[in-house]
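Engineer: Model the structure of this input:
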Amino acid sequence: MGFGDLKSPSGLQVLNDYLADRSYIEGLPGVKQPLSKYGPQNVADTTTAKAVDDNDDDNDIDLFGSDDEEESAEAKRLKEERLAQYEAKKSKKPALIAKSSILLDVKPWDDETDMIKMEECVRSVTMDGLLWGASKLVPVGYGIKKLQIQCVVEDDKVGTDMLEEAIVAFEDYVQSVDVAAFNKV
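Structural biologist: Below you'll find the predicted structure:
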């Protein structure tokens, strides 16, 4: 009964002969029947025996990788070597230092304050992890200018509060210090 194994040349030939004078395979609508019930009545059913053989082949493959002990020992050794290489490479790599770029507005007391001397005082502030950059004088109004100065600091070593206190310590020149911009580098 049925077409037989449709994966074999003989099964395909039976199906081809059956469909030579028909446009479809007959069946009852809505009622599911076993494969052997379809097709000509004189063909032996080989699909169930073939299906059992196919299932046996699938059981031979271990998809989760339980190989024999030699390969797993080799894989374990290789994994340990690679981890050791990674740790050695990682230890040689310098630690990333967090830095920030700060733009400070340093305001004088009045228009008679010596701005060149004020900039010299600000740049005289030295700390471990502090690097001064470019500066310029920006007009505020009524002839008064403020000093706008750039610096780069290491976050772990220099805080903005420490920097502001050190600059404001020059009481003769500096009225106040504001952070105009703060960016992580």
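Engineer: where in the chain is pLDDT low?
Structural biologist: Within the chain, the ranges that satisfy pLDDT under 70 run 1, 26-31, 35, 38-71.
Engineer: how about 50 then?
Structural biologist: For the chain, applying pLDDT under 50 flags the ranges 49.
Engineer: Helices along that one, start to end?
Structural biologist: Using DSSP state H, the helices of the chain run over 9-18, 47-59, 69-92, 115-123, 160-168.
Engineer: elements contacting the fourth one?
Structural biologist: Translated: helix 115-123. With contacts taken as 3 or more C-beta pairs under 8 Å, 6 or more residues apart in numbering; DSSP states H and E, helix 115-123 sits against strand 99-108, strand 130-141, strand 144-154, strand 174-184. Every residue, glycine included, has its C-beta placed from N, CA and C.
Engineer: For those, give me a markdown table that also has mean neighbour count.
Structural biologist: Formatted as a markdown table, the helices and strands packed on helix 115-123 follow (neighbours: other C-beta atoms under 10 Å):
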| stretch | mean neighbour count |
| --- | --- |
| strand 99-108 | 18 |
| strand 130-141 | 12 |
| strand 144-154 | 19 |
| strand 174-184 | 13 |
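Engineer: any chance of those in CSV, with distance to Y24 too?
Structural biologist: Formatted as CSV, the helices and strands packed on helix 115-123 follow (distance: least, C-beta to C-beta, whole Å):
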stretch, distance to Y24
strand 99-108, 76
strand 130-141, 83
strand 144-154, 80
strand 174-184, 71
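Engineer: Just the C-alphas of stretch 84-96, formatted as CSV.
Structural biologist: What follows is stretch 84-96, C-alpha atoms only, in CSV (Å, rounded to 0.1, in the frame of the first residue of the first chain):
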residue,chain,number,x,y,z
ALA,A,84,47.3,31.8,30.7
GLN,A,85,48.2,33.7,27.5
TYR,A,86,45.2,36.0,27.9
GLU,A,87,46.1,36.8,31.6
ALA,A,88,49.8,37.5,30.6
LYS,A,89,48.7,39.8,27.9
LYS,A,90,46.2,41.5,30.1
SER,A,91,48.8,42.1,32.9
LYS,A,92,51.1,43.8,30.4
LYS,A,93,48.4,46.2,29.3
PRO,A,94,48.6,49.5,31.1
ALA,A,95,45.5,50.4,33.2
LEU,A,96,43.2,52.9,31.7
